[in-house]
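K.L.:
My questions are about this predicted structure, shown below with the sequence.
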Amino acid sequence: MEPSKSLAITVSPPSESLALPPPESEFQLSNLIYDVSQQVQEAMSNMLKMINEIDQNSAGIVEEIEKCKESANEKKKLLDEEKEHFQRAAYTVLDMLNNRDVS
């Protein structure tokens, strides 16, 4: 027969990593979370300021575009009037030349 084999199992006490963190660690973690949240809040505040500035600038740009459109429309109207005036003058000259040739 074979000698009996025994199996020995040892149980060690829970490791320190599984234990609750000491109060100092909790305090440091709280401070870290607070600092990060303050940085995020400051970054969001800065982004909000930039968004408002962008909105104001874009409103100014849109206003300038509208002014340019109005100006371009006025110039187009004046050019169309001049074109019509020159066309009438040209037709008048052509009529005069045609009437002169007929006489």
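P.N.:
Done, it's in. Residues are numbered from 1 along each chain as shown.
K.L.:
Packing partners of the strand or helix carrying Ser25?
P.N.:
Following DSSP states H and E, one finds Ser25 within helix 23-102. Contact analysis of helix 23-102 by 3 or more CB pairs under 8 Å, 6 or more residues apart in numbering; DSSP states H and E lists no helix or strand as a packing neighbour. All C-beta atoms are positioned from the backbone trio N, CA, C, and that covers glycine.
K.L.:
Count the neighbours of Ile65 for me.
P.N.:
10 (other CB atoms under 10 Å).
K.L.:
next one: Val36
P.N.:
Using other CB under 10 Å, Val36 has 10 other residues around it.
K.L.:
what's the spacing between it and Cys68?
P.N.:
Counting by CB to CB, to the nearest Å, the gap from Val36 to Cys68 is 47 Å.
K.L.:
which stretches of this protein have low pLDDT?
P.N.:
1-22, 101-103 (pLDDT under 70).
K.L.:
can you do 50?
P.N.:
Per-residue confidence of the chain (counting by pLDDT under 50) places the weak regions at 1.
K.L.:
next one: the helix holding Ser25 to chain centre, how far?
P.N.:
16 Å (CA atoms, centre = their mean, to the nearest Å).
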